[in-house]
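# Model the structure of this input:
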Amino acid sequence: MYRIVTVEREYGCGGGEIARLVADRLGWKLWDNELTEEIAKMANVDPATVRSCDERVDSTFSRLSKIFWRGSYERSMPLDRTFDADDMVQLVQQVLQKASEEGKSVFVGRGAPFLLRERRDAFHVFLYAPRAEKIRRLRETGKSTREAEEAVDSVDGDRIYFVKHYFGADWPTRSLYHMMINTVMGNENVASLILDTMRRLKPAPAVK
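All right, here's what the predicted structure looks like:
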């Protein structure tokens with residue numbers, strides 16, 4: 001029986017909304033913005049600081065700044081001067097490990113399929129969509145066409161680099177996922193397909 005769902009997604013394809021539908025129908029806890037809030041609490045930083053590191057690798061300037069502040073005499077400076085993607089990944093791993101032991105959780109992005117790849121009770125999904133569909137969805141959230149195009153063309157590039165840097169893998173790593181779904185069929189249909197497949201598919205047996 002699956003006790004965990006991870007949802008990896010292309011930016012703009014509706015992955016967050018679909019993950020929430022899956023969590024609501026299962027009655028499980030969703031870890032999306034909730035994960036950001038939990039990490040901010042653990043690190044004692046503003047959630048905006050965590051979002052700035054979300055699925056991105058720090059720039060050279062950021063890394064040099066981190067070394068400078070941690071090596072300086074100003075030990076009382078706020079932690080958000082030194083909080084970076086390295087810190088975020090470590091805290092994500094802690095939260096995922098604890099939450100996955102409790103089960104009944106749906107995780108969105110943040111390297112969850114890689115961090116939980118050894119768990120047989122985790123069901124992994126990758127969501128994608130045609131570029132035009134992603135731009136359409138983003139425009140519905142209030143973005144201009146230009147903003148939507150720029151985001152679609154850049155955010156997934158950050159995710160590719162993030163996964164390569166921290167996990168030494170390609171994004172997406174197709175062998176990780178039980179399903180890869182085009183969300184152009186609509187959020188409700190995608191959520192239903194995920195849940196139906198989870199019920200039909202039994203977790204793989206442990207390797208002895």
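
# surely Glu38 meets Lys98?
No. Using C-beta atoms under 8 Å, Glu38 is not in contact with Lys98, being 9.7 Å away. In this view, the C-beta of every residue, glycine as well, is placed from N, C-alpha and C.

# More neighbours: these two, which one.
Set Glu38 next to Lys98 and count neighbours by other C-beta atoms under 10 Å: Glu38 wins out with 19 against 11.

# Setting aside sequence neighbours, what's the nearest residue to Pro130?
Excluding the flanking residues, the one nearest Pro130 by C-beta to C-beta, 6 or more residues apart in numbering is Val184, at 6.3 Å.

# Could you identify the helix or strand that succeeds the worst-scoring helix or strand of the chain on mean pLDDT?
Within the chain, confidence by mean pLDDT, DSSP states H and E is lowest for helix 60-70 among all helices and strands, at a mean of 42. Downstream of helix 60-70, the next assigned helix or strand under DSSP states H and E is helix 85-102.

# hmm, who's touching that next one?
3-4, 29, 31, 35, 38-39, 42-43, 50, 53-54, 56-58, 105, 107, 110-112, 115-116, 119, 122, 162, 166 (C-beta atoms under 8 Å, 6 or more residues apart in numbering).

# cool, and stretch 41-56?
Counting by C-beta under 8 Å, 6+ apart, 36-37, 39-40, 78-80, 83-85, 87-88, 91, 94-95, 109-111, 158-159, 161-162 sit against stretch 41-56.
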